[in-house]
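Participant: Mind looking at a prediction? Sequence and model below.
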Amino acid sequence: MKEIYFAGGCFWGTEHYFKQIKGVVKTEVGFANGTTDNPTYKEVYTDTTGYAETVHVTYNPEMIDLAFLVRMFFKAIDPTSLNQQGHDVGTRYRTGIYYVDEADLSIIESIYAEEQKQYAETFVVEKLPLENFYTAEEYHQDYLDKNPTGYCHLPQALFEYARKMSE
């Protein structure tokens, strides 16, 4: 199994989106690349900890590759919006791709450049090594499965798109 971390705004919808993709074997929401130890959601919400709401994605590279996942990530975000996705505003909602395998950076950069060509505005998506990750409280895990009518900045049609694209 391989892993990658995506910060795509509110982690509830980003997690649910990636769970639809065949080959994704596990998701976990949490906080990445901040400055404090063991942050709580309440602390991260203040935008003083430096953390981004992030989804840890574990995937089977025999079923799906990183390039596909990164392309799918770009379908779910506005890569030109700084510290905001949908109605969610704050540094905790910034976008980013955080890798643990240095070899993944060239794939990430290649897809990033390919996607950037489709926009006049410069991307603000971080491409960084994962510095740290702390799992969010249990009630955040699989939130949209537990609360199907819960808030999500991503449109419902995007979840169906993810299911279809991975078939």
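Facilitator: Sure, I can see it.
Participant: can you pull the contacts of G8?
Facilitator: Going by CB atoms under 8 Å, 6 or more residues apart in numbering, G8 touches T14, Y17, V55, F73, A76, I77, Q85, T95. Every residue, glycine included, has its C-beta placed from N, CA and C.
Participant: Pull out the buried positions in stretch 157-166.
Facilitator: Under the neighbour-count criterion of 16 or more other CB atoms under 10 Å, stretch 157-166 has L158, F159, Y161, A162, S166 buried.
Participant: Now do the helices in the chain.
Facilitator: For the chain, the helices defined by DSSP state H occupy 11-19, 41-44, 66-75, 104-116, 143-146, 156-165.
Participant: in the longest one, what counts as buried?
Facilitator: What that stands for is helix 104-116. Residues of helix 104-116 classed as buried: D104, I107, I108, I111, Y112, E115, Q116 (neighbour count, 16+ other CB under 10 Å).
Participant: do the third one as well
Facilitator: Neighbour counts over helix 66-75 (16+ other CB under 10 Å) mark L66, F68, L69, V70, M72, F73, F74 as buried.
Participant: picking that back up, minimum distance to P129: which of the helices of the chain has it?
Facilitator: Among the helices of the chain, helix 104-116 comes nearest to P129, with 8.0 Å by CB to CB.
Participant: separation between the closest residue to Q85 other than its chain neighbours and L130?
Facilitator: The spatially closest residue to Q85, leaving aside those adjacent along the chain, is G9, at 2.6 Å (CB to CB, 6 or more residues apart in numbering). The gap separating G9 from L130 is 18 Å, by CB to CB, to the nearest Å.
Participant: The two: who's more crowded?
Facilitator: Neighbour totals were compared for G9 and L130, and G9 leads with 28 against 18 (other CB atoms under 10 Å).
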